[in-house]
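Asker: Predicted structure and sequence below. I'll ask about it afterward.
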Amino acid sequence: MEKPLDAGVLPKRASPPPTGYGRRPSDRRRPGTRRLMRQLLIVTGFVALFLFGLLIFQIQGLLESATLAQAALACAAVLTLFYTAFSTGLNRRARDRSLTALQALCGTAILLWVIHEAPATHIMFGPYLFVAVAFGTLRLPRAEVFVLIVLALAGFAALIGLHYFQRQDRGLLQAESLHLLVTVLALPGFLLLAARVRYMNDALLKAGARIVTIKQTARRDPLLGCYNRRYTTAALEQARRSADARATPLCLALLDLDHFKRVNDELGHLGGDEVLQGFATVVRSHVRRGDVFGRYGGEEFLLILPGTGLAAAFDIAERIRAQVAGHRWNRRLSRPVTVSIGLTQYQPGESVLELFSRADGATYQAKNSGRNQVVVDEPPTATDPGAAV
């Protein structure tokens, strides 16, 4: 007697455990266009705040309207260039695809030009520099951040000298020099905090990558890369509930490799693992988006086909059977590797255990009828809407 199904877990069959372990390579991708666009959108927000600050200076009579208009046009032109570079892929030719350093240089140039035209706006230099450093610390190497800081400070120092040469205003010279001094004195502390933030950010990214790896490992069979038993049985229960809620068809196929003990006897366990890996590769080539293919145990596998009627599911199962039979297996095998497949369609209201039991019965029938075939268990009430995704 099989024990009743508990919480969507299928009964455990007597199958040998996996004989090998592997490691799935992590999927490391460089930042995509959407991510870069989001970064540029944040920059656009800072630019808007910068222009709003200039507007306040203009309202107070400390900045001419023409200078404000020219600064706005310059910011719009620079942002347009960056948006164009990201949307067309021109940024991919640069070593730093985010173009963060170039964005900081353009922003610094615009700010220094505004300060040159309106000396009262020099009080914006320090806060701007801190924002630029914080923004660049998370995305640029330390050497590049240091170079940007030196260039910005040198530019501001040169501007102080130019102002005094043009205006001979000792009060302005004193105010701007004090601003530069305070900025330089505050920078070490700010850089230390920025470095700590970068360290925490890197640690969070690494921890996130480990969590993703752990989740993938918990869902995948370590040898074959397909889903493992735990995830597959949970997915079957979820598919059953979805079929009930949406009144859509659901089919389940149980795939069992024929004479797998003979394969292990002829090739050894390592050779048997290679056969399992080849079989999983063949099946995955026929799995569509939304289908779930997982290892049930040993040489037995489940293929869940949501939104798929019995006729379409049979075509998929038959293609898999034919591909396995025609696959080039190890030449040391005395006979080609084949698979017996039991297929059935979910009936509304039945349990996962009942669905699995019918697929299991069809698989045994395929085994007893000569193997290397697909046997369908079609209850008298089964209907085939013919839905195939």
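Answerer: Arrived safely, thanks for sending.
Asker: Could you break the protein into its assigned domains?
Answerer: According to automatic domain parsing, the chain comprises the domains 33-216, 229-377.
Asker: what separates stretch 323-340 from the chain centre, distance-wise?
Answerer: The gap between where stretch 323-340 is centred and where its chain is centred comes out at 36 Å by Cα atoms, centre = their mean, to the nearest Å.
Asker: er, stretch 200-208 I mean
Answerer: What separates the centre of stretch 200-208 from the centre of its chain is 15 Å, taken as Cα atoms, centre = their mean.
Asker: shaky segments in the stretch 1-150 of the chain?
Answerer: 1-33 (pLDDT under 70).
Asker: The same query, at a cut-off of 90, please.
Answerer: 1-47, 50, 63, 82-108, 123-150 (pLDDT under 90).
Asker: The stretch 201-350 of the chain too?
Answerer: Looking at the stretch 201-350 of the chain by pLDDT under 90, you get 201-223, 225, 245, 262-272, 285-287, 289, 297-298, 326-336, 349.
Asker: so where do the strands sit in it?
Answerer: Using DSSP state E, counting those that start in this stretch, the strands found in the stretch 201-350 of the chain span residues 250-257, 292-297, 300-306, 339-345.
Asker: Looking at the domains of the chain, which one is packed in the most?
Answerer: When the domains of the chain are scored by mean count of other Cβ atoms under 10 Å, the highest mean neighbour count falls to domain 229-377 (a mean of 19). C-beta here means a position set from N, CA and C on the backbone, and glycine is covered the same way.
Asker: Tell me which of the strands of the stretch 201-350 of the chain lies nearest to R210.
Answerer: strand 292-297 (23.5 Å; Cβ to Cβ).
Asker: so the closest one versus strand 250-257, what angle?
Answerer: 40 degrees (axes from the mean of the first three to the mean of the last three Cα atoms, to 10 degrees).
Asker: Now do strand 292-297 against strand 300-306, angle only.
Answerer: 160 degrees.
Asker: Use 57 as the first number for this chain going forward.
Answerer: All set: I'll call the first residue 57, so the last point we hit is now strand 348-353.
Asker: coming back round to it: put together TSV for the strands of the stretch 257-406 of the chain, with distance to A157 on each row.
Answerer: Below are those laid out as TSV (distance: least, Cβ to Cβ, whole Å):
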stretch	distance to A157
strand 306-313	54
strand 348-353	45
strand 356-362	48
strand 395-401	56
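Asker: Figure out how far the one helix or strand A132 maps to is from the centre of its chain.
Answerer: For A132, the element it lies in under DSSP states H and E is helix 121-144. The chain centre lies 32 Å from the centre of helix 121-144; the measure is Cα atoms, centre = their mean.
Asker: now do stretch 405-422
Answerer: Here stretch 405-422 is found 36 Å from its chain centre; the criterion is Cα atoms, centre = their mean.
Asker: One more: stretch 176-191?
Answerer: Mean-position distance between stretch 176-191 and its chain equals 34 Å (Cα atoms, centre = their mean).
Asker: what does stretch 191-202 give?
Answerer: The answer for stretch 191-202 is 25 Å, by Cα atoms, centre = their mean.
Asker: what about it, start to end distance?
Answerer: Across stretch 191-202, the terminal residues are separated by 13 Å (Cα to Cα, to the nearest Å).
Asker: So L311 is in contact with I376, correct?
Answerer: Yes. When contacts are counted by Cβ atoms under 8 Å, L311 is listed as touching I376 (7.3 Å).
Asker: Show me what the helix holding A132 is in contact with.
Answerer: The contact list for helix 121-144 (Cβ atoms under 8 Å, 6 or more residues apart in numbering) reads 89, 92-93, 96, 99-100, 103, 106-107, 110-111, 114, 146-147, 155, 159, 162-163, 166, 169-170, 173-174.
Asker: For the domains of the chain, give me CSV that also has distance to L279.
Answerer: Listed next are these as CSV, based on distance: least, Cβ to Cβ, whole Å:
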stretch, distance to L279
domain 89-272, 14
domain 285-433, 6
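Asker: Now R345. Its backbone dihedrals?
Answerer: Per-residue torsions, R345: phi -60, psi 130 (degrees, to the nearest 10).
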